[in-house]
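Student: Quick check, what structure comes out for this input:
(4 chains)
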Protein chains: 2
Amino acid sequence: MNTLSYGLLSMLSYAPFSGYDLMQKIQPFWPAKHSQIYPLLAQLERDGYIQHELVVQPDKPDKKVHSLTDLGREALSQWLSQPACPPVTRDELSLKIFCMNEGDPVDIQRLLEQRVEYCREKLVWFHAKSELFAHKRMDSSPGIVLLMRRALFSFQSELDWAEWALKELRGEG
Amino acid sequence: MNTLSYGLLSMLSYAPFSGYDLMQKIQPFWPAKHSQIYPLLAQLERDGYIQHELVVQPDKPDKKVHSLTDLGREALSQWLSQPACPPVTRDELSLKIFCMNEGDPVDIQRLLEQRVEYCREKLVWFHAKSELFAHKRMDSSPGIVLLMRRALFSFQSELDWAEWALKELRGEG
DNA sequence: GATGTCTATGTAAAAATTGATATATAGAAA
DNA sequence: TTTCTATATATCAATTTTTACATAGACATC
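Tutor: You can find the predicted model right below:
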């Protein structure tokens, strides 16, 4: 079973969700398209880790709501006892910064400004999510609190860097 | 042409390198195996973006040293004028933290301790690289200076988070 | 009434990435 | 002498991921 499959089980650990919802929930941690998720959900069900019930909605299309089986919950538990693979990040911006000498300084500044904007949007989103969550439970889902804080740390540090870099470039050019 | 191909051109913008060296150089920005790199280098040469010369080494196996052509340098320049794709990060640790309720708290603490260690190693490496680089050029390769600083920012913030998270968990448990 | 968006599920094909196998030189260690 | 590691290049198979194709209900807008 691959990491994305375990990720789907992880998303289902708090509550049942449809494939569509799972796809959106897992994006911040392990980006994946629905074309990858639906087949994996079918396989997870074949293997007995999840089950589903059809939910009819009056205002929206019907959906399959997936939930963990006991076997699925056991699989999560044993997965947690194993070390995690190192994180993988691929960022085209890094590759462009590396060879910035080859291009127009204005282009590089625009790239950094776009990254600043990107980080600001993410920070707004996570701050809003963070406040929403503070009103709900706290001790029942410590993991989500930790991850929220981490996202804020991470995007803030990226934002700080991008703004510092812009200042450096403007100071020189 | 895909992002990794541009990344290889980017790595060649300062100096010529062998496929083996390119593979190591590009890891921090765009992880890739040699099995992916060698075919791309052959294609980049077919398309006229790079050329190579065979270098005989007395103490090591012969190598192909690749360098940018004018066309390759032009391609880099036009690539820099286009916006960068958003960064993609996949981290199994996030997925495990998310469902930490399902496992033994000791397991989660171990995962965080391993991440702390991972960040410390990276920080040591980048600090060493940073000092080495300060002695060489500064104004000739501003991109590398920016990227170095960013790596330090990024791993420091991840380290801070992981240590904070461990303190939280130990404080509660 | 047509058009677009969001919700919802699925498959097929293409591209990107990883893992395995293969070969070869040189040096160090056992 | 054998074994291991680092350097160096290359291909093939498997897996993962993305892109495109396909269908459909409910709602809003034009």
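
Student: Tell me how many other residues crowd A:Ala32.
Tutor: 17 (other Cβ atoms under 10 Å in any protein chain shown). No exception for glycine: its C-beta is placed from N, CA and C like everyone else's.

Student: Which element, helix or strand, includes it?
Tutor: Following DSSP states H and E, there is no helix or strand that holds A:Ala32.

Student: From the centroid of chain A, which residue is nearest?
Tutor: A:Pro28 (1.0 Å; Cα atoms, centre = their mean).

Student: for it, what are its contacts?
Tutor: Counting by Cβ atoms under 8 Å, 6 or more residues apart in numbering or on different chains, A:Pro28 makes contact with A:147, A:151, B:94.

Student: so it, which of the three states?
Tutor: Following DSSP: H, G, I helix; E, B strand; the rest coil, A:Pro28 is assigned to coil.

Student: Can you give me the distance of it to A:Ser154?
Tutor: Distance of A:Pro28 to A:Ser154, computed by Cβ to Cβ, to the nearest Å: 11 Å.

Student: Okay, domains of chain A per the record?
Tutor: Taking automatic domain parsing as the domain assignment, the ranges for chain A are A:3-80, A:92-172.

Student: Reformat those domains into CSV and put distance to DNA strand C next to each item.
Tutor: Output for the domains of chain A, formatted as CSV (distance: least, Cβ to the nearest atom of the strand, whole Å):
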stretch, distance to DNA strand C
domain A:3-80, 3
domain A:92-172, 10
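
Student: okay, now A:Val106: neighbour count?
Tutor: Number of residues near A:Val106 (other Cβ under 10 Å) recorded here: 11.

Student: quick check, distance from the lowest-mean-pLDDT helix or strand in chain A to the centre of its chain.
Tutor: Across the helices and strands of chain A, mean confidence by mean pLDDT, DSSP states H and E is lowest for helix A:105-135: a mean of 93. On the basis of Cα atoms, centre = their mean, to the nearest Å, helix A:105-135 sits 15 Å off its chain's mean C-alpha point.

Student: Name the next helix or strand downstream of it, please.
Tutor: helix A:142-172.

Student: right, is that next one up against chain B?
Tutor: Yes - using Cβ under 8 Å from any Cβ of the partner chain, helix A:142-172 reaches chain B at A:142-144, A:146-147, A:149-150, A:153-154, A:156-158, A:160-161, A:164-165, A:168-169, A:172.

Student: Alright, calling it a day.
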